[in-house]
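Engineer: Next come a sequence and a model predicted from it.
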Amino acid sequence: MSRPQAGDLARTVVHDPSEEWPEIIEVVAYWGPGRRGKRRSIEIPADQFFGRGGHGAPMTGEQLIGMVE
């Protein structure tokens with residue numbers, strides 16, 4: 001008698017997640033109709049964006065827009 005499988009996930013191939021992180025995140029915002037409006041951008045260190053290191057929690061959308069404005 002064969003042993004029952006634990007489920008569909010028991011047959012999947014497991015890949016280790018990548019340990020690579022970006023160094024810098026660029027956020028671009030457009031004000032106005034499409035890409036013809038005012039364009040603003042900012043580069044943020046990845047640690048600050050993702051909330052690693054001494055930054056606490058990941059950044060919220062409100063924080064990002066406030067920095068771009």
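Structural biologist: Yep, it's here.
Engineer: out of everything not next to it in sequence, what's closest to the spatially most central residue of the chain?
Structural biologist: In the chain, the residue lying closest to the centroid (CA atoms, centre = their mean) is Phe50, at 7.0 Å. Leaving aside its sequence neighbours, Phe50 sits nearest to Pro58 (CB to CB, 6 or more residues apart in numbering; 5.5 Å). For glycine as for every other residue, the C-beta is placed from the backbone atoms N, C-alpha and C.
Engineer: And for the one you found, the neighbour number?
Structural biologist: 11 (other CB atoms under 10 Å).
Engineer: tell me the SS of it?
Structural biologist: The local conformation at Pro58, judged by DSSP: H, G, I helix; E, B strand; the rest coil, is coil.
Engineer: For it, what are phi and psi?
Structural biologist: Backbone torsions of Pro58, given as degrees, to the nearest 10, read phi -60, psi 150.
Engineer: ok, residues contacting the lengthiest helix in the chain?
Structural biologist: Ranked by number of residues, the top helix in the chain under DSSP state H is helix 61-68. Contact partners of helix 61-68, identified using CB atoms under 8 Å, 6 or more residues apart in numbering, comprise Val27, Val28, Ala29, Arg40, Ser41, Ile42, Ile44.
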